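> Predicted model and sequence follow; I will ask about them next.
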There are 2 protein chains.
Amino acid sequence: MKAIVSNNQFSLDDGNQFSEIDIPQPEPGEGEILIKVETLSVNPVDTKLRQQPFSDEEKHRILGYDAVGTIEKIGNNVSTFKKGDRVFYSGAPSYAGANQQYQLMDVRLVAHAPQSLKPTEAAALPLTGLTAYETLFDTFNISENPQENRGKTLLIINGSGGVGSIATQIAKAYGLRVITTASRTETIEWSKQMGADLVLNHKNDLSDELKKHDLADVDYIFCTFNTDAYYEKMIELVKPHGKITTIVAFQDKQDLNLLKSKSVTFTHEFMFTRPLHQTEDMQKHQTYLQDIAQKVDDGVYHTTLNQTLNGLTTETLFKAHEILESHKMIGKLVIQVDEDSEN
Amino acid sequence: MKAIVSNNQFSLDDGNQFSEIDIPQPEPGEGEILIKVETLSVNPVDTKLRQQPFSDEEKHRILGYDAVGTIEKIGNNVSTFKKGDRVFYSGAPSYAGANQQYQLMDVRLVAHAPQSLKPTEAAALPLTGLTAYETLFDTFNISENPQENRGKTLLIINGSGGVGSIATQIAKAYGLRVITTASRTETIEWSKQMGADLVLNHKNDLSDELKKHDLADVDYIFCTFNTDAYYEKMIELVKPHGKITTIVAFQDKQDLNLLKSKSVTFTHEFMFTRPLHQTEDMQKHQTYLQDIAQKVDDGVYHTTLNQTLNGLTTETLFKAHEILESHKMIGKLVIQVDEDSEN
């Protein structure tokens, strides 16, 4: 079967170092399924992992942590899925990624795909959706009952990115007031479409921007862009006993004493924490994905898909990485594995 | 009335710079009460504030953020308390402290003192108790139902200190398993008396110490001593999606990326956050103090008092600061205002 791999770390300036190889189809073990990948999405995590040094054991690297596909084979002790089921999932660092024809996956990390979406539309959701669910429920500890979240405000730094786009919809569905940041006409418009109540211009001082709307501070801040640049400002904007979560690694060390005056809580969310550490509650990814699928089919959430590339080739994959690294991406980009399928 | 003040910042090496002055008794305003201070406790925050530079407006400084007293006068719109009621409270940075005969206080920050304790025993509890309640309920978000906290483990760095001593009791009462650190025979013994299930020797590597008890990690870590020294170790010891809170300011900047792999949550708790920022939920201090008083009278919590000094004088106050700065204090130290009262 076909797989797109890299054999060494590389930056885009090195040119396209992805290559296509033929590898044996893997067999699902206990608690695993083999999935025929139909559509996959490319995320910032792909571009970061592409540039990470290879370990000694690593022969080649198959990226891709967001996919929709149909189940081809079922391992032992898998009862909730059958052959032919269409599933969506982000995956785990311990498995080869989705940039291949067939992918193995731990069944606890997948859920049935939304029935009302095409695979391209559904593939935009798992990784960003899981990141947003973990941030809202595991780190902000918001209630599952939207009524209990009424009156609370969430600020999302970079509302029109992949994570910001779905986080806006989820937070709105669960009763929060959502304020995002953007500056270009098209990103402002997109963020409003995703449901943002207010969009602040991040080219201006965000305190001034908030004041324009008679707001002094917010309950929660979710940073999806340049944490170093926003660290002090976020602490200034959050309420006493407020919570800040980032998904973007720091470049520099920071002064944690700044958290003290307001007893601020800071979390570095990482969507792979559960599969990486094989936590007992790993199945939470399935639970969250089920809620996403249900709310999509109920018309509550909409896909964040904005761009589709056709055919899983070294060229489309390289192009996808180029687009992601431009930091201009609005919503999500997906690659349809077979050029001629009607996804 | 008598007040013990300082007129400039000073270190213990400068000698005793406290002085006794006579100032007018203040009048309670709207929502305030005037309290005749009977006993007060000295905390690390006193020694830190003593050394802070004076602001231009500051004539003299009256420290003391932990007290028991009886209500002398009631301001307007105070209905839940009456003259003669015995109350206990920590206070607020916007009020002069308890190192004086009569102290004004916002009524939302006080509660009726436990009936089963002497004033000296009760004065040991407010500041440390509030710090522990905020850490457990506002930052760790533990349940108010002990059954829901069963199976969760809290590690307290420095179990025999003032905060560690009461935090151990509160966490135990609310269903957590509590592990503390100590190294001297008397601190180990004290921490066990406070209810610690396990006491680790902090002179050894804490991972090794945990392993001796077949434990790899814990759900929550509460740091009450030298946060810089324990920062990396705490991240190593906490579970994925675990929570760490400190009450001790850092000396150095830290690498927040270390939080990422496990999606760790870090909070810098500060017990004065609510009164300092005049939050809408400031009355939570009263609610927490009421729970402390109730559980003391029910025999669930016991005083953490370990040492009493007689008479509020410049000498006793200086001595108290010396004892606190020795960092050898076990439990709590209080000062009985009138030498001859039977407290």
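Sure, I can see it.

> and the residue in the stretch 101-250 of chain A positioned nearest to chain B, how many residues sit next to it?
Across the stretch 101-250 of chain A, the shortest distance to chain B (Cβ to the nearest Cβ) belongs to A:Pro240, at 4.4 Å. Every C-beta, even on glycine, is put in place using the N, C-alpha and C of the backbone. Other residues lying near A:Pro240 total 20 when counted by other Cβ atoms under 10 Å in any protein chain shown.

> in a helix, that's where it is, yeah?
No - per DSSP: H, G, I helix; E, B strand; the rest coil, A:Pro240 lies outside any helix segment and is strand.

> I'd assumed B:Gln278 was in contact with it.
No - in this structure A:Pro240 lies outside contact range of B:Gln278 using Cβ atoms under 8 Å: 9.1 Å.

> where along the stretch 201-343 of chain A do the helices fall?
A:206-212, A:227-237, A:273-277, A:284-297, A:314-325 (DSSP state H, counting those that start in this stretch).

> Throw those into CSV and include distance to chain B, mean pLDDT and mean neighbour count, thanks.
Shown next, in CSV, are those (distance: least, Cβ to the nearest Cβ, whole Å; pLDDT from 0 to 100; neighbours: other Cβ atoms under 10 Å in any protein chain shown):
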stretch, distance to chain B, mean pLDDT, mean neighbour count
helix A:206-212, 16, 97, 15
helix A:227-237, 8, 98, 19
helix A:273-277, 4, 97, 20
helix A:284-297, 10, 98, 20
helix A:314-325, 20, 97, 18
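
> For B:Leu210, which of those helices is the nearest?
B:Leu210 lies closest to helix A:273-277 among the helices of the stretch 201-343 of chain A, at 16.5 Å (Cβ to Cβ).

> hmm, who's touching the closest one?
Here helix A:273-277 makes contact (Cβ atoms under 8 Å, 6 or more residues apart in numbering or on different chains) with A:91-94, A:106, A:109, A:134, A:270, A:279, A:281-282, A:284-285, B:240-241, B:261-263.

> again, 7 Å this time
Helix A:273-277 has contacts (Cβ atoms under 7 Å, 6 or more residues apart in numbering or on different chains) with A:92-94, A:109, A:281-282, A:284-285, B:240-241, B:261-263.

> element containing the residue nearest in space to the middle of chain A?
Compute the mean C-alpha point of chain A, and by Cα atoms, centre = their mean the closest residue is A:Thr128, 2.0 Å away. Assigned by DSSP states H and E, A:Thr128 belongs to helix A:126-133.

> Would you mind pulling the contact partners of the helix or strand that that helix is followed by?
Counting by DSSP H and E, the next helix or strand C-terminal to helix A:126-133 is helix A:146-149. The contact list for helix A:146-149, computed with Cβ under 7 Å, 6+ apart, reads A:Ile142, A:Ser143, A:Tyr174, A:Gly175, A:Leu176.

> Might one say that the last one is in contact with A:Lys152?
Yes - taking contact to mean Cβ atoms under 7 Å, the distance of 5.5 Å between A:Leu176 and A:Lys152 places them in contact.

> thinking again about what came up before, please identify which of the contacts of helix A:273-277 is nearest to B:Asn158.
Out of those, the member with the shortest distance to B:Asn158 (by Cβ to Cβ) is B:Lys262, at 23.1 Å.

> my guess is that closest one contacts B:Ile244, does it?
No - taking contacts as Cβ under 7 Å, B:Lys262 lies outside contact range of B:Ile244: 10.3 Å.

> got a list of what the residue nearest to the centre of chain A touches?
Applying Cβ under 7 Å, 6+ apart, the residues contacting A:Thr128 are A:Gly162, A:Val163, A:Ile166, A:Thr304, A:Lys332.

> go again using 10 Å as the cut-off
Residues counted as contacts of A:Thr128 (Cβ atoms under 10 Å, 6 or more residues apart in numbering or on different chains) are A:41, A:43, A:66, A:90, A:161-167, A:170, A:224, A:247, A:271, A:292, A:304, A:331-332.

> how about stretch A:177-188, does it reach chain B?
No - Stretch A:177-188 lies apart from chain B when judged by Cβ under 10 Å from any Cβ of the partner chain; the minimum separation is 16.6 Å.

> if we can go back for a sec, distance of the residue of the stretch 101-250 of chain A closest to chain B relative to A:Pro26?
To A:Pro26, A:Pro240 is 52 Å away according to Cβ to Cβ, to the nearest Å.

> for A:Asn8, same thing?
Separation of A:Asn8 from A:Pro26 (Cβ to Cβ): 23 Å.

> show me the contacts for A:His268.
Per Cβ under 10 Å, 6+ apart, neighbours of A:His268: A:139, A:223, A:227, A:244-250, B:256-266.

> hmm, back to that, please identify which of B:Lys262 and B:Ile244 sits among more neighbours.
Taking neighbours as other Cβ under 10 Å, B:Lys262 and B:Ile244 compare with B:Ile244 leading, 26 against 22.

> Pull up the gap between that one and chain A, please.
For B:Ile244, the distance to chain A equals 10 Å [Cβ to the nearest Cβ, to the nearest Å].

> can you list the domains in chain A?
According to automatic domain parsing, chain A comprises the domains A:2-125+A:275-336, A:128-268.

> and those, which is most packed in?
domain A:128-268 (a mean of 21; mean count of other Cβ atoms under 10 Å in any protein chain shown).

> Give me the average confidence score over the longest strand along chain A.
As assigned by DSSP state E, the longest strand anywhere in chain A is strand A:32-42. If you average the pLDDT over strand A:32-42, you get 98.

> Contacts only, for A:Asp297.
A:Ala113, A:Pro114, A:Gln115, A:Ser116, A:Leu117.

> What residues does the stretch 51-200 of chain A have near chain B?
Residues of the stretch 51-200 of chain A lying near chain B (Cβ under 10 Å from any Cβ): A:Glu134, A:Thr135, A:Asp138, A:Thr139, A:Phe140, A:Asn141.

> which residues touch stretch A:309-318?
Taking Cβ under 10 Å, 6+ apart as the rule, stretch A:309-318 contacts A:2-6, A:12, A:15-20, A:37, A:39-40, A:42, A:46, A:50, A:63-64, A:98-101, A:120, A:308, A:319-320, A:323, A:333-341, A:343.
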